[in-house]
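>>> I need the structure of the sequence given here:
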Amino acid sequence: MKKLLISLTAAGLLSMGSIAQAGDAAAGQAAYASCIGCHGAAGEGGVGPKLASVAPAETVDKLKKYKAGEQVGPMTSMMAPMAAGLSDADIENIAAYVSGL
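Predicted coordinates:
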C-alpha cells in the first residue's frame, strides 16, 4: 500500500510539472511576432528553419541554449541576441504556439 501511495504521489507531481511547463499558446503568438521575419508567419521557415509542428521540448531546449550563449548551430549569432531577452515563460509560450502551427 505504501509503495502504491508513493507511486501515485510521484505520478501526480510529474503530471503537475508538465502542466506547469505547458506554455500559453495565445501569449506565445504575441511573443512570436519578432520571429516572423525569419521563420515565417506560419512557422514555414525562410531565413530561419521551419518551426511549425516542432515538439515544444525541442524549441524550449534550443531557445534556452541560445539564451545561455551556447553554440547551437550556424544561426547562433543571430538567435542568441533574440533569445537573450526572453523569459522562461516567453520560451514556454513560444514553444506552445509554434508546435501548433
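
>>> Residue ranges in the chain under the pLDDT threshold?
1-21 (pLDDT under 70).

>>> one more time with 50, if that's ok
The model of the chain has pLDDT under 50 over residues 4-20.

>>> in it, which spans are helices?
In order along the chain, the chain carries the following helices (DSSP state H): 2-20, 25-31, 36-39, 56-68, 76-84, 88-99.

>>> got JSON lines for those helices, with mean neighbour count and distance to Val47 too?
C-betas here are computed from N, CA, C, even on glycine. Shown next, in JSON lines, are those (neighbours: other C-beta atoms under 10 Å; distance: least, C-beta to C-beta, whole Å):
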{"stretch": "helix 2-20", "mean neighbour count": "9", "distance to Val47": "33"}
{"stretch": "helix 25-31", "mean neighbour count": "16", "distance to Val47": "19"}
{"stretch": "helix 36-39", "mean neighbour count": "15", "distance to Val47": "4"}
{"stretch": "helix 56-68", "mean neighbour count": "18", "distance to Val47": "15"}
{"stretch": "helix 76-84", "mean neighbour count": "15", "distance to Val47": "8"}
{"stretch": "helix 88-99", "mean neighbour count": "22", "distance to Val47": "16"}
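
>>> And those helices: which comes nearest Pro49?
helix 36-39 (7.2 Å; C-beta to C-beta).

>>> Test my guess that Val72 contacts Met79.
Yes - between Val72 and Met79 there is a contact under C-beta atoms under 8 Å: 7.0 Å.

>>> Need the residues touching each of the two.
Common contacts of Val72 and Met79 (C-beta atoms under 8 Å, 6 or more residues apart in numbering): Tyr66.
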